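# Whatever this is, show me its structure:
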Amino acid sequence: MPKMKTNSAAKKRFKITGTGKISRRRAFHRHILMGKNAKRRRRIGQGTLVAVSDMPNIKYLLNI
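Numbering: from 1, shown residues only. Just a heads-up that it's a prediction; the model follows:
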């Protein structure tokens, strides 16, 4: 059997933390920012962790 390839889209979007969790960027921070209040813009500018229910699928894509 050949080695499984890592999904290219997933490796650009997700990073593994030191404790084994998966970090991601938040959505809605590219454009149309004037309609969002400052607190919301700051919050979506920060990264966050992937939900526990989504972790198995992302780990499969990353071959972890």
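# Looks like residue 41 contacts residue 29 (just checking).
Yes. Using Cβ atoms under 8 Å, residue 41 is in contact with residue 29, at 7.4 Å. Just so you know, the C-beta spots here come from the backbone N, C-alpha and C atoms, and that holds for glycine as well.
# Pull out the buried positions in the helix or strand residue 59 falls within.
Taking DSSP states H and E as the definition, residue 59 sits inside helix 55-62. In terms of neighbour count (16 or more other Cβ atoms under 10 Å), helix 55-62 has its buried residues at 55, 58-59, 61-62.
# hang on, residue 48 packs against residue 23?
Yes. With contact defined as Cβ under 8 Å, residue 48 counts as touching residue 23 (7.2 Å).
# Check what contacts stretch 57-64 and list those residues.
Stretch 57-64 is touched from outside by 4-7, 10-11, 14, 16, 22, 50, with contacts defined as Cβ atoms under 8 Å, 6 or more residues apart in numbering.
# Please compute how far it lies from its chain's middle.
12 Å (Cα atoms, centre = their mean, to the nearest Å).
# Return the alpha-carbon coordinates of it using PDB.
Provided in PDB are the C-alpha atoms of stretch 57-64 (Å, rounded to 0.1, in the frame of the first residue of the first chain):
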ATOM      1  CA  ASN A  57     -12.500  14.100  10.600                       C
ATOM      2  CA  ILE A  58      -9.700  16.700  10.700                       C
ATOM      3  CA  LYS A  59      -7.200  14.200  12.100                       C
ATOM      4  CA  TYR A  60      -8.100  11.800   9.200                       C
ATOM      5  CA  LEU A  61      -7.400  14.600   6.700                       C
ATOM      6  CA  LEU A  62      -4.000  15.400   8.400                       C
ATOM      7  CA  ASN A  63      -3.100  11.700   8.800                       C
ATOM      8  CA  ILE A  64      -2.600  12.000  12.500                       C
END
